[in-house]
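Student: Requesting a structural model of the entry that follows:
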Amino acid sequence: MKPVALAAALFTSVTLFSGSAFADAAAALCDSFAASTLDTTRPKTVAGIVSGEIDAKLAIPACLAANKSNPNDIRIKFQSARALGADNQDVDLQFSLYKQASDAGHVLAMNNLANLYNTGRGTIKNEVLATTLFCKAAEAGVAIGMYNCAEQFRNGRGVPQDYAKAKAWYEKAASGGFGEAFIELGKIYASGKGVPVDVTKAIELYQKAAEAGITKGLRAIGGEYQNRKDDLKDYSKAKLYFEKAIAAGDFEALNELGFLHENGLGVPVNLVQAFQNYQKAADGGSITGIYNLAVLHEHGKGTPVNLPAAIQFYEKAIALGDTDAMQNLSSIYINGTGGVAKDVARGMAIYVKAADSGNVFAMRTLGLTYLSGTVV
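Tutor: Residues are numbered from 1 along each chain as shown. Model (predicted):
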């Protein structure tokens, strides 16, 4: 029976089950909707499902019912928390369920609980405890835990920054099948953080990421050819790899290709083509694409000047957390750009939001404003 049909049968015929029979049926339904592909404790007959493909409307009631009927099953607790997380529901209950499963030794629950501690969702933010849990999951052989442990060391979150330890855990994660780790290893070699700069090695690692199905590996290769400071800079190769990334489904690479067309790098300047690339990226959900559309609308590049459209796209990008969009929109209001009603208070409020979100330029602007007593 297909999962949806099984769900309907269970929810409409619950009175036909009792005791262990109901508990087993409920657990089977939760497994079908929310078991992780990474969970070695799931039943062998269950394929599992990646987090981005969980149908929360089906998984949440199924798993909460299963948890109620199987209160000591730590896998069901883990899956119930996954189901809630798929729809960003009841983060407090997510935390409770993950903690119960983690405390009982479920290593994937440790990783996900660490993520909640790292971000302060459902609990008080605690990067030290997050790192402990990430690395405990890593030591238990969880590849995504290895990757997250590496991230903590690379970024100095909860531990002193240590590129050597980060590199070691990225390497273990990559060997464990976590393709994203190849990207971060490539960045380490490209930037020379803890190792001598080796762009050739970085490109090799990005290629391995691409071969592991991480399409942004192709985009990263293009980025190396685009941004190199030596004689090996090659915009034609950059364009080739951006196009390969796009063909593989990486819509973020459309921004990179658009940048080449906008600035005439390896191709003739073509603002209309750049606009179209950014539009496709935005349509795919790219925050950068949305921001780029706003800039082109504001300055009339590849499209007529359209301040209302620019403001609309800036606001959309801001809603998704883009601090550069905050900076640009605040300037429009402070200066009354293009006939937009001047509103210094509104503009400064946006600058404060950008600065609080970590935008360095906004911090500098606010500092100069407070120092001089004028808006600059």
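
Student: any idea which helix or strand carries Gly105?
Tutor: When elements are assigned from DSSP states H and E, Gly105 belongs to no helix and no strand.

Student: so where do the helices sit in the stretch 1-150 of the chain?
Tutor: Counting by DSSP state H, counting those that start in this stretch, one finds helices in the stretch 1-150 of the chain at the ranges 3-12, 19-34, 56-69, 74-86, 91-103, 107-119, 127-139, 143-155.

Student: do the stretch 151-300 of the chain as well
Tutor: Under DSSP H, counting those that start in this stretch, the stretch 151-300 of the chain gives helices at 163-175, 180-191, 199-211, 216-227, 235-247, 253-263, 271-283, 287-299.

Student: follow-up on the earlier one: for the helices of the stretch 1-150 of the chain, state which one has the densest average packing.
Tutor: Of the helices of the stretch 1-150 of the chain, the one with the most neighbours on average (mean count of other CB atoms under 10 Å) is helix 74-86, at a mean of 27. The C-beta positions use only the backbone N, C-alpha and C, and glycine is treated the same way.

Student: That one vs helix 56-69, what angle?
Tutor: Relative orientation of helix 74-86 versus helix 56-69 (axes from the mean of the first three to the mean of the last three CA atoms, to 10 degrees): 150 degrees.

Student: and for helix 74-86, what are the contacting residues?
Tutor: Here helix 74-86 makes contact (CB atoms under 8 Å, 6 or more residues apart in numbering) with 27, 30-31, 33-36, 39, 41-42, 51, 54-56, 59-60, 62-64, 66-67, 70, 90-91, 93-95, 97-98, 100-101, 104-106, 108-109, 112.

Student: now that helix: mean pLDDT?
Tutor: With pLDDT averaged residue by residue, helix 74-86 scores 96.

Student: Now do it against helix 91-103, angle only.
Tutor: Using the same axes, to 10 degrees: helix 74-86 against helix 91-103 is 150 degrees.

Student: Could you count how many residues lie near Gly177?
Tutor: Other residues near Gly177 come to 11 when the count uses other CB atoms under 10 Å.

Student: Any chance of TSV for the helices of the stretch 1-150 of the chain, columns distance to Leu185?
Tutor: Formatted as TSV, the helices of the stretch 1-150 of the chain follow (distance: least, CB to CB, whole Å):
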stretch	distance to Leu185
helix 3-12	38
helix 19-34	31
helix 56-69	34
helix 74-86	28
helix 91-103	28
helix 107-119	20
helix 127-139	15
helix 143-155	9
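
Student: Which of the ones you listed has the lowest mean pLDDT?
Tutor: helix 3-12 (a mean of 50).

Student: got the end-to-end distance for stretch 245-260?
Tutor: 15 Å (CA to CA, to the nearest Å).

Student: Give me the buried positions along it.
Tutor: By neighbour count with 16 or more other CB atoms under 10 Å, stretch 245-260 contains the buried residues 245-246, 248, 250-260.

Student: mind checking how far Val347 is from Phe361?
Tutor: Wrong residue type there; residue 347 is Gly, not Val. According to CB to CB, to the nearest Å, Gly347 stands 14 Å off from Phe361.

Student: Show me which of those two is the more surrounded one.
Tutor: Under the criterion of other CB under 10 Å, the comparison of Gly347 against Phe361 puts Gly347 first, with 19 against 13.

Student: and the more buried one, what does it touch?
Tutor: So Gly347 contacts 329-335, 375 (CB under 8 Å, 6+ apart).

Student: any chance of those residues in TSV, with secondary structure, distance to Ser236 and pLDDT too?
Tutor: TSV is the format used below for those (DSSP: H, G, I helix; E, B strand; the rest coil; distance: CB to CB, whole Å; pLDDT from 0 to 100):
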residue	secondary structure	distance to Ser236	pLDDT
Leu329	helix	36	93
Ser330	helix	38	90
Ser331	helix	36	89
Ile332	helix	37	93
Tyr333	helix	41	92
Ile334	helix	41	88
Asn335	helix	40	88
Val375	coil	45	52
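
Student: For PyMOL, what selects the buried ones among the residues you listed?
Tutor: PyMOL command restricting the contacts of Gly347 to the buried ones, with burial defined by 16+ other CB under 10 Å:
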select buried, resi 329+330+332+333+334
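
Student: Just the closest of the contacts of Gly347 to Leu232, please.
Tutor: Minimum distance to Leu232 across these is 37.3 Å, recorded for Ser331 (CB to CB).

Student: burial count for Glu171?
Tutor: By other CB under 10 Å, 15 other residues sit near Glu171.

Student: Provide a list of residues in contact with it.
Tutor: Glu171 is in contact with 181, 185, counting by CB under 8 Å, 6+ apart.

Student: again, but for the one 5 residues further on
Tutor: With CB under 8 Å, 6+ apart as the criterion, the residues that contact Gly176 are 141, 143, 146.

Student: Can you check the pLDDT for it?
Tutor: Reported pLDDT for Gly176: 94.

Student: what do you get for Ala164?
Tutor: For Ala164, the predicted pLDDT is 95.

Student: Name the nearest residue to it, sequence neighbours excluded.
Tutor: Gly194 (5.3 Å; CB to CB, 6 or more residues apart in numbering).

Student: With just CA atoms, put stretch 47-55 into CSV.
Tutor: Taking C-alpha atoms only, stretch 47-55 is exported to CSV below (Å, rounded to 0.1, in the frame of the first residue of the first chain):
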residue,chain,number,x,y,z
ALA,A,47,14.3,3.5,2.1
GLY,A,48,14.2,6.7,4.2
ILE,A,49,13.6,10.2,3.0
VAL,A,50,15.8,13.3,2.9
SER,A,51,14.7,16.2,5.1
GLY,A,52,13.8,18.5,2.2
GLU,A,53,11.3,16.0,0.8
ILE,A,54,9.4,15.3,4.0
ASP,A,55,5.6,15.9,3.6
